[in-house]
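Participant: heads up, no residue letters with this:
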Ligand code: FAD
């Protein structure tokens, strides 16, 4: 049967990633509004648990592929499978979480299916049978409604912009499909995975403490690390500090870094340049600590503290430690 809404489900060890739980939640609403069934694509190895979870989160059907080539999320294995299934079954819409893998896959599928891709939607709604996606443009200064005229309509959904699907108690049996590409036809090989040792991931974090040039040097991040630890937050940074070599790039927030949308973003010694704002302006509550009362970050912040971060941050850490323990 052609039509239907598909959602790509990233999974590992039977668990569905947070961004895919958000994508399933958004896809469920789109499927309801279009009056079409929701199908979850669950690819990987030992995907039984994730397939069961996809039904529980509200999928009407699950297309599952269980194969060693699909473990580890290689694009050259996943992309052709999404494309093959879409060519055979002609879905109306395919949604991906805008993770690194989701973005890559959406682009792959868009190119091979010769259709348009709307990237980084922060809101989606159905309007006359078409899915309209709202996405930020001009580093977040404008919001733009965009839609894809060709089929399938492919849309990636910004992390933490949509509520995660809740458990529905729904059950079902997945339809098993085969991998599209054999191992010897895949040019990349997975040697192993290295864990990051329990650090909070920036893009998944609900709280972020972020430092800018005001920290003065690599050691200036220490009080921020302590505050982050007290709050269970991830550590972010401006590009100025990354370019100076004070902290690795993986911490950079902004136009050329990561886009984040935590519940709480504490900007310490960050002026609030437009390129930094592009990566964090969707944060729910922004707190700025800066010694310059005219710093642009204060225009964005819900709470502002004008002062020296080396005095303010340790005082906050001490207070949070008292209150949160
Ligand atoms: P500054 O602008 O120098 O601000 C430092 C702030 O610290 C000042 O406001 C100062 O008052 C305050 N301060 C100093 N000492 C203290 C103290 N003791 N206590 C409290 N406050 C103090 N930037 C990004 O962040 N992310 C990006 O992804 C990014 N991409 C870019 C892409 C392009 C194409 C370009 C051109 C630029 C990009 N930039 C990006 C750079 C951006 O324009 C700014 O240069 C950068 O964000 C400034 O970083 P900052 O706020 O840490 O430093």
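Facilitator: Now that the structure is in, tell me what you want to look at. Keep in mind the model is a prediction, meaning the values are calculated, not measured. Residues are numbered from 1 along each chain as shown.

Participant: Break this structure into its domains for me.
Facilitator: Following automatic domain parsing, one finds the domains of the chain at 5-185, 207-324.

Participant: For the first one, measure first residue to last.
Facilitator: Start to finish, the residues bounding domain 5-185 are 30 Å apart (C-alpha to C-alpha, to the nearest Å).

Participant: That domain and the ligand, any residue contact?
Facilitator: No: using C-beta under 6 Å from any ligand atom, domain 5-185 never reaches the ligand; the gap is at least 8.8 Å. Heads up, the C-betas are built off the backbone N, CA and C, glycines and all.

Participant: now the strands for the stretch 1-150 of the chain?
Facilitator: 5-9, 11-12, 15-16, 38-44, 61-66, 93-97, 117-121, 123-127, 130-137, 142-146 (DSSP state E, counting those that start in this stretch).

Participant: tell me the mean pLDDT for the longest one?
Facilitator: For strand 130-137, the mean per-residue pLDDT is 94.

Participant: Give me the contacts around it.
Facilitator: 30, 34, 93, 118-126, 142-148, 153, 155, 158, 278, 282 (C-beta atoms under 8 Å, 6 or more residues apart in numbering).

Participant: can you give me the angle it makes with strand 93-97?
Facilitator: Inter-element angle recorded for strand 130-137 and strand 93-97: 30 degrees (by axes from the mean of the first three to the mean of the last three C-alpha atoms, to 10 degrees).

Participant: what do you get for the fourth one?
Facilitator: Our comparison of strand 38-44 with strand 93-97, counting by the same axes, to 10 degrees, yields an angle of 50 degrees.

Participant: Which strands and helices lie in contact with strand 38-44?
Facilitator: Under the contact definition 3 or more C-beta pairs under 8 Å, 6 or more residues apart in numbering; DSSP states H and E, strand 38-44 sits against strand 5-9, strand 11-12, helix 18-34, helix 48-56, strand 61-66, helix 75-89.

Participant: follow-up on the earlier one: redo the domains of the chain as CSV? Include mean neighbour count and distance to residue 201.
Facilitator: CSV is the format used below for those (neighbours: other C-beta atoms under 10 Å; distance: least, C-beta to C-beta, whole Å):
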stretch, mean neighbour count, distance to residue 201
domain 5-185, 19, 9
domain 207-324, 20, 6
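
Participant: and of the helices and strands packed on strand 38-44, who's closest to residue 312?
Facilitator: For residue 312, the closest of the helices and strands packed on strand 38-44 is helix 18-34, at 30.9 Å, according to C-beta to C-beta.

Participant: in the stretch 201-325 of the chain, which spans are helices?
Facilitator: Using DSSP state H, counting those that start in this stretch, the helices of the stretch 201-325 of the chain run over 222-231, 239-243, 274-280, 297-300, 309-324.

Participant: Please say whether there is contact between the fourth one and the ligand.
Facilitator: No: contact of helix 297-300 with the ligand (C-beta under 6 Å from any ligand atom) is absent, the minimum separation being 7.1 Å.

Participant: For that helix, name the packing helices and strands.
Facilitator: strand 285-290, strand 303-306.

Participant: please redo it, this time with the cut-off set to 10 Å
Facilitator: strand 264-268, helix 274-280, strand 285-290, strand 303-306 (3 or more C-beta pairs under 10 Å, 6 or more residues apart in numbering; DSSP states H and E).

Participant: Distance to residue 251 for the strands of the stretch 1-150 of the chain - can I get that in CSV?
Facilitator: Below are these laid out as CSV (distance: least, C-beta to C-beta, whole Å):
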stretch, distance to residue 251
strand 5-9, 27
strand 11-12, 23
strand 15-16, 25
strand 38-44, 29
strand 61-66, 35
strand 93-97, 21
strand 117-121, 21
strand 123-127, 28
strand 130-137, 22
strand 142-146, 27
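
Participant: one step back: worst mean pLDDT among the helices and strands packed on helix 297-300?
Facilitator: Lowest mean pLDDT of those: helix 274-280, a mean of 94.

Participant: Just confirm yes or no for it near the ligand.
Facilitator: Yes: counting by C-beta under 6 Å from any ligand atom, the ligand has neighbours in helix 274-280: 275-276, 279.

Participant: mind checking which of the helices and strands packed on strand 38-44 is nearest residue 264?
Facilitator: helix 18-34 (16.8 Å).

Participant: just the angle between that closest one and strand 38-44, please?
Facilitator: 150 degrees.

Participant: need the helices and strands packed on helix 297-300 in CSV with distance to residue 15, can you?
Facilitator: CSV is the format used below for these (distance: least, C-beta to C-beta, whole Å):
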stretch, distance to residue 15
strand 264-268, 25
helix 274-280, 27
strand 285-290, 28
strand 303-306, 35
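
Participant: between these, which one is nearest to residue 238?
Facilitator: Nearest of the helices and strands packed on helix 297-300 to residue 238, taken as C-beta to C-beta: helix 274-280 at 5.4 Å.

Participant: Check the contact between residue 20 and residue 40; I expect there is one.
Facilitator: Yes: if you go by C-beta atoms under 10 Å, residue 20 and residue 40 touch, sitting 8.6 Å apart.

Participant: Residues in contact with both of those two, list them for me.
Facilitator: Shared contacts of residue 20 and residue 40, defined by C-beta atoms under 10 Å, 6 or more residues apart in numbering, are found at 7-9, 11, 27, 50, 53-54, 57.
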